[in-house]
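Chemist: quick one, fold the following:
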Amino acid sequence: MSDNHATFMEEAGMTACRIDHLHLRSPDPEAAARFYAAAFEARETGRMEVNGALRVMLDLGGLMLFIEAVPPETPKPPPAPFQGIEHIGLTVPDLDAAIAHLDGLGVKLTSGPREMRPGLRIAFIDGPDKVRIELLERRS
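Modeler: Presented below is the predicted three-dimensional model:
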């Protein structure tokens with residue numbers, strides 16, 4: 001962070017921020033939550049009703065993921081690339097093992113695996129509700 005930015009934040013009475021959660025919307029939040037649990041060992045931390053809609057809360061590798069119900073007729077995201085959040089990136093210790101695990105669940109790759117540069121391999125899958133998920137294996 002530049003000195004100018006730090007000074008601005010101090011003058012504005014702000015402190016450094018940290019991520020709190022990522023909020024997804026789904027016509028079937030329970031099915032989406034099952035996907036993240038099976039594919040990435042996400043752990044359900046709670047459920048609640050928000051304005052009449054079910055919200056399932058998961059811990060996805062330290063990221064709080066809220067998946068909230070929307071009516072099925074809610075427009076879906078267009079095919080990538082588009083403006084807005086483009087994908088979720090998840091680091092895995094072994095990309096080939098992660099791909100094999102996902103394949104066993106019936107999840108197919110949409111791209112990769114490929115080496116982006118020495119020490120970094122990536123692959124993409126589509127999660128529920130057209131959420132693109134990048135898997136990254138970083139080696140020193």
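
Chemist: how about the helices in this structure?
Modeler: 3-11, 29-40, 95-104 (DSSP state H).

Chemist: now these in TSV, with distance to Ile19?
Modeler: Heads up, the C-betas are built off the backbone N, CA and C, glycines and all. Shown next, in TSV, are the helices of the chain (distance: least, C-beta to C-beta, whole Å):
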stretch	distance to Ile19
helix 3-11	17
helix 29-40	17
helix 95-104	22
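
Chemist: let me know which of those is tucked in deepest.
Modeler: Of all these, helix 29-40 carries the top mean neighbour count, a mean of 19, counting by mean count of other C-beta atoms under 10 Å.

Chemist: quick one: contacts for the nearest residue in space to Leu60 that is not next to it in sequence?
Modeler: Leaving out its chain neighbours, the residue that sits closest to Leu60 by C-beta to C-beta, 6 or more residues apart in numbering is Ala42, at 4.3 Å. Ala42 makes contact with 33, 36, 58-61, 65, according to C-beta atoms under 8 Å, 6 or more residues apart in numbering.

Chemist: which pair in those residues spans the largest distance?
Modeler: Ala33 and Gly61 (14.6 Å; C-beta to C-beta).

Chemist: and the residue minimising distance to the centre of the chain, what pLDDT?
Modeler: Central residue of the chain (C-alpha atoms, centre = their mean): Ile88, 3.6 Å from the mean position. On the pLDDT scale, Ile88 is placed at 93.
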